[in-house]
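Student: Turn this into a structure:
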Amino acid sequence: MNKEMQKEKAGSLLFLQNQNRIFSVLFVDSHPVRFDVFDENSVDLGGIYVGKIKSIVRGMEAAFVEYRPQKMCFLPFRHFDEQCLLVSRENKKPSEGDEVLVQITGEAVKSKDPEATTKLSLAGRFAVLSMQRPGIFFSKKLSKESIERFNDLKEDPLIMKASASCGIVIRSNAKDADPLKIRDEIASLYQEAERIFDIAVHRTCFSVLSKPEPSYLSVLSDYPEALYDRIVTDIPEIYKTVQAKMQEDGSTKSVSLYTDESLSLWNLYSMNKHLDLLRGKKVFLPSGGYLVIEYTEALTVIDVNSGKSDMGKNCENAYFRINLEAAKEIASQMILRNLSGIILVDFINMMEKKHEQILLETLQERVKMDPVAANVIDMTPLGLVEITRKKKRRPLHELLYGFS
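Tutor: Next comes the predicted model:
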């Protein structure tokens, strides 16, 4: 076995394959901190197509669009931009039979069609170009010092031209990047956007104007680069694809192909054990307390229990300690399990207001580290805390349905 693989080092991004699913797992100090699952059959996500509006549902303020033969997507009108309506008439309101540019933004879930938008976006490693509000914007994860490094970009003629008609978001991965590399990437994205609109009017219905990359590649820009220094996979095809992508982006990250046949990469990293923990309802805390995580249609409920914790003589301090452990673990579980929507946490009741305040501040600080937009609302007199988290992908328990 490769000696480098025998001992886990801080910062390894793995790509693994099992049962028609591709797993990306970010390990830091031997512990998984990010976990994503991609269905090999979900090849449309992020692609841009010439579709046809098949029906309009006024009550839902949405339309169903056929974007590939016999394949429908759901287009809410709040995501509609008339620039993408491929008709020559003066009235740009969507009608049945109209051809329209759509980008698939959400996977099909159960009986629901995938969601789409006409507010197209093109993502790079350092920036995202979109048809949202024009201008230059920066990730909330970037410090003021980092943003100041990009002041010259605002004066660049090409960037000024692009930002006059498109929204440009500088991503958190740009923190230590060369501004010239960011400028070149934005130029490439803008050139691609112009190409798409130039050829769209000449293409037939169901044409693919922008072929999506393999969905698992999205983690290369979604995962903070500072957390890992190497990428490892045991799938030759994935190795070639990731290596080519990193070279294209000018990344210096190490990409390795694991070839030891005596022990699979899956077993080397004890993936079954980690999956069992992430699919389980209980999450144990260092003190002996534990969380119980329950999924419902409307929200996720997390209950904090004292379990076998040593209460000692001061129960208030013991409850405070368990709640602080729970707050940190909840923030981690939200990321690992990709929880979204409303998350309701039932902490152990405490008597002292200062303990409640410290608990809320601790939870808020941890949630700020979340790469997905999340917000701690408040704590009720019963100790219930409401958290909201934006939905970017389906939760892990849904993606693992049927996996054994």
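Student: which sections of this structure are below the confidence cut-off?
Tutor: 1-10, 40-43, 110, 310-313, 404 (pLDDT under 70).
Student: mind listing the helices for it?
Tutor: 3-6, 144-148, 157-165, 179-200, 219-222, 236-248, 265-268, 271-279, 315-336, 353-368, 396-399 (DSSP state H).
Student: Out of those helices, the one nearest I136 is which?
Tutor: Proximity to I136 (Cβ to Cβ) singles out helix 157-165 among these, at 5.0 Å. Where you see a C-beta, it was placed from the backbone N, CA and C, and this is true even at glycine.
Student: what's the angle between the closest one and helix 179-200?
Tutor: Helix 157-165 and helix 179-200 meet at an angle of 50 degrees, taking axes from the mean of the first three to the mean of the last three Cα atoms, to 10 degrees as the criterion.
Student: As PDB, could you dump the C-alpha coordinates of helix 157-165?
Tutor: Below are the C-alpha coordinates for helix 157-165, written out as PDB (Å, rounded to 0.1, in the frame of the first residue of the first chain):
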ATOM      1  CA  PRO A 157     -12.700  47.800 -19.500                       C
ATOM      2  CA  LEU A 158     -13.800  44.300 -20.100                       C
ATOM      3  CA  ILE A 159     -15.100  43.800 -16.500                       C
ATOM      4  CA  MET A 160     -16.900  47.200 -16.700                       C
ATOM      5  CA  LYS A 161     -18.600  46.000 -19.900                       C
ATOM      6  CA  ALA A 162     -19.600  42.600 -18.500                       C
ATOM      7  CA  SER A 163     -20.800  44.100 -15.200                       C
ATOM      8  CA  ALA A 164     -23.000  46.600 -17.000                       C
ATOM      9  CA  SER A 165     -25.300  43.800 -18.300                       C
END
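Student: L363 against N375, yeah?
Tutor: No - here L363 does not reach N375: they are 10.8 Å apart, not a contact under Cβ atoms under 8 Å.
Student: ok, back up a step: and of the helices of the chain, who's closest to V128?
Tutor: The nearest among the helices of the chain, by Cβ to Cβ, is helix 179-200 at 7.9 Å.
Student: in the closest one, what's buried?
Tutor: Buried positions in helix 179-200, judged by neighbour count with 16 or more other Cβ atoms under 10 Å: P179, I182, R183, E185, I186, L189, Y190, A193, I196, A200.
Student: follow-up on the earlier one: higher neighbour count, L363 and N375?
Tutor: Neighbours were counted for L363 and for N375 using other Cβ atoms under 10 Å; L363 has more, 23 against 13.
Student: coming back round to it: need the overlap of contacts for L363 and N375.
Tutor: By Cβ atoms under 8 Å, 6 or more residues apart in numbering, L363 and N375 have these common neighbours: I387.
Student: Reformat the buried residues of helix 179-200 as JSON lines; add distance to S172.
Tutor: Formatted as JSON lines, the buried residues of helix 179-200 follow (distance: Cβ to Cβ, whole Å):
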{"residue": "P179", "distance to S172": "15"}
{"residue": "I182", "distance to S172": "12"}
{"residue": "R183", "distance to S172": "18"}
{"residue": "E185", "distance to S172": "15"}
{"residue": "I186", "distance to S172": "16"}
{"residue": "L189", "distance to S172": "17"}
{"residue": "Y190", "distance to S172": "21"}
{"residue": "A193", "distance to S172": "22"}
{"residue": "I196", "distance to S172": "26"}
{"residue": "A200", "distance to S172": "31"}
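Student: What backbone torsions are found at F80?
Tutor: phi -100, psi 140 (degrees, to the nearest 10).
Student: Let me see the contact set for it.
Tutor: Each residue near F80 by Cβ under 8 Å, 6+ apart is listed here: P94, T117, T118, K119.
Student: Next: F126.
Tutor: I170, R171, N173, A174, A177, K181, I182, E185.
Student: Excluding sequence neighbours, find me the nearest residue to it.
Tutor: A174 (4.1 Å; Cβ to Cβ, 6 or more residues apart in numbering).
Student: what's the distance between the one you found and K390?
Tutor: Distance from A174 to K390, counting by Cβ to Cβ, to the nearest Å: 21 Å.
Student: And the two? Which one has more around it.
Tutor: Set A174 next to K390 and count neighbours by other Cβ under 10 Å: A174 wins out with 27 against 11.
Student: Could you measure from the more buried one over to I199?
Tutor: Distance of A174 to I199, given as Cβ to Cβ: 29 Å.
Student: ok, now I235?
Tutor: Taken as Cβ to Cβ, the span from I235 to I199 is 34 Å.
Student: again, but for N349
Tutor: Using Cβ to Cβ, N349 is found at 62 Å from I199.
Student: got it, and N151?
Tutor: Here the criterion is Cβ to Cβ. By it, N151 lies 35 Å from I199.
Student: hmm, back to that, what subset of the contacts of F80 is buried?
Tutor: P94, T117, T118, K119.
Student: export those residues to TSV and tack on distance to S221?
Tutor: Below are the buried ones among the contacts of F80 laid out as TSV (distance: Cβ to Cβ, whole Å):
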residue	distance to S221
P94	32
T117	19
T118	23
K119	19
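Student: and of those residues, the nearest to F38?
Tutor: Closest approach to F38 among the buried ones among the contacts of F80 (Cβ to Cβ): T117, at 20.3 Å.
Student: what sits opposite the closest one in the beta ladder?
Tutor: Beta-bridge pairing of T117 under DSSP bridges involves Q103.
Student: Check the contact between it and Q103; I expect there is one.
Tutor: Yes - between T117 and Q103 there is a contact under Cβ under 8 Å: 5.6 Å.
Student: Now the phi/psi pair for the closest residue to E185 other than its chain neighbours, please.
Tutor: With sequence-adjacent residues excluded and distances taken as Cβ to Cβ, 6+ apart, E185 is closest to G124, at 4.4 Å. Main-chain dihedrals, G124, degrees, to the nearest 10: phi -120, psi -170.
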